[in-house]
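Chemist: Generate a structure from the sequence data that follows.
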Amino acid sequence: MRISVVICTHNPREEYLNRVLQALRGQTLPPDQWELLVVDNASKVPVASSFDLSWHPQGRMLKEEKLGKMNAWFKGISEAKGEILIFVDDDTVLDAHYLEKALEVGKEWPFIGAWGGAISAEFETPPPAWCLIQPWRLTIVEVREEVWSNLREGFATVPCGAGLCVRREVCQRYLEWCRTHEMSYALDRIGNLVTGYGDINLVYCSFDLGMGTGQTTRLHLTHLIPASRLTLDYFLRQAEGDALSLMMFRALRGLRLEDPRLSLEQKVKLLLRKAFSKQPPEMLKIYDAHQRGLEKGYRIAQEYLRSGKKDDAHVEAKQHETSFPHPVP
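Modeler: Predicted coordinates for the structure are as follows:
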């Protein structure tokens, strides 16, 4: 089996998941070269009762009752048989040649362990202008050129979870990593916070195995974005949760942490800049949420480091001199 497509879903929106499956049904790669695994992660209405995979000779419905995207990923990884695993969300529509091109990239770049491509958006309702100032918060990704690296700092060549292509050995490394790093499980939704970095943690397992990561112009998918994600409330939760996750992720990976707390002088300067800022008021609130997340995440990360739970792999990780720019509008 060359490819395993893994869709992890929890209470999916029916019309969205139908479009995702229809796009997979129209792939140019023959179905005998790839399998389709749909992991139902504790949905209220069983996914198998609403969606039919009989059209695919290698299609299977799986269930994971322990709630959490990472738990669903673990299930999919454990069941997958492909050389390359492609993670597809229940609201991401792949272009028709996605699987074929993913194989092509994997063959041409044997030195990378994870890769992805461009992600455009299809909005349920027209988005407010301020929503598009930081499009990455909506998982919108522009890829202008073929790039790859083995750099642990920066995210220029690090793909996100939507449409993520990962070699089997990297996925196995990820399972092992999470078993020995309990805080990995916190890189997922926590209460009302839109936390993340579980997908980035998976990608970083490529570095553990001496491989790199890449972004390619040959892959493209469409992210279906509902109106509920175009609200200020969602952006505030996403900004705080993302920043919190970043700090926990860096602590887990042995990357340098810089105290994000602002001094009195910095706070005064920030207030003055915000008073004269031409940014929309929504963005100023998002900056504040980002700062809150950094500070919360830093406290959690420090507690983790003091606990002594980090293992030898953590201690030996290369320390990088990286500072976090304070969120100034």
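Chemist: The closest residue to residue 202 other than its chain neighbours: what secondary structure?
Modeler: Leaving aside its sequence neighbours, residue 202 sits nearest to residue 174 (Cβ to Cβ, 6 or more residues apart in numbering; 4.7 Å). For glycine as for every other residue, the C-beta is placed from the backbone atoms N, C-alpha and C. Secondary structure assignment for residue 174 (DSSP: H, G, I helix; E, B strand; the rest coil): helix.
Chemist: contacting residues around residue 174?
Modeler: Residues near residue 174 by Cβ atoms under 8 Å, 6 or more residues apart in numbering: 77, 201, 202, 205.
Chemist: Show me the two of those that sit farthest apart.
Modeler: 77 and 201 (13.0 Å; Cβ to Cβ).
Chemist: and the longest strand for this protein?
Modeler: strand 212-225 (DSSP state E).
Chemist: Mind listing what's buried along that one?
Modeler: Neighbour counts over strand 212-225 (16 or more other Cβ atoms under 10 Å) mark 212-216, 218-225 as buried.
Chemist: Relative to residue 181, which of the residues you listed is nearest.
Modeler: Distances from residue 181 to the buried residues of strand 212-225, taken by Cβ to Cβ, are shortest for residue 213, at 19.5 Å.
Chemist: what separates that closest one from residue 109, distance-wise?
Modeler: Distance, residue 213 to residue 109, by Cβ to Cβ, to the nearest Å: 10 Å.
Chemist: shared neighbours, these two?
Modeler: Common neighbours of residue 213 and residue 109 (Cβ under 8 Å, 6+ apart) are 115, 148.
Chemist: so where's the stretch 101-250 of the chain uncertain?
Modeler: For the stretch 101-250 of the chain, the stretches flagged by pLDDT under 70 are 189-193.
Chemist: redo that, cut-off 80
Modeler: 185-186, 188-195 (pLDDT under 80).
Chemist: what's the domain layout of this structure?
Modeler: Domain assignment for the chain, taken from automatic domain parsing, gives 3-229, 234-316.
Chemist: Deepest-packed of these, please.
Modeler: Stretch with highest mean neighbour count among these: domain 3-229 (a mean of 18; mean count of other Cβ atoms under 10 Å).
Chemist: how far is that one from where the chain is centred?
Modeler: Centre-to-centre, domain 3-229 and its host chain are 8 Å apart (Cα atoms, centre = their mean, to the nearest Å).
Chemist: got the end-to-end distance for that domain?
Modeler: 31 Å (Cα to Cα, to the nearest Å).
Chemist: now stretch 220-235
Modeler: Start-to-end, stretch 220-235 (Cα to Cα) is 24 Å.
Chemist: Now find how far off-centre it is within its chain.
Modeler: 15 Å.
Chemist: Give me the contact list for that stretch.
Modeler: By Cβ under 8 Å, 6+ apart, stretch 220-235 touches 13, 16, 19, 89, 91-95, 98, 117-125, 127-128, 131, 137-140, 162-163, 194, 282, 285-286, 289.
Chemist: Residue 116 against residue 159, yeah?
Modeler: Yes - using Cβ atoms under 8 Å, residue 116 is in contact with residue 159, at 2.6 Å.
Chemist: Now the common contact residues for those two.
Modeler: With Cβ under 8 Å, 6+ apart, residue 116 and residue 159 have common neighbours 165, 214, 215.
Chemist: Show me the beta-bridge partners of the second one.
Modeler: Beta-bridge pairing of residue 214 under DSSP bridges involves residue 115, residue 148.
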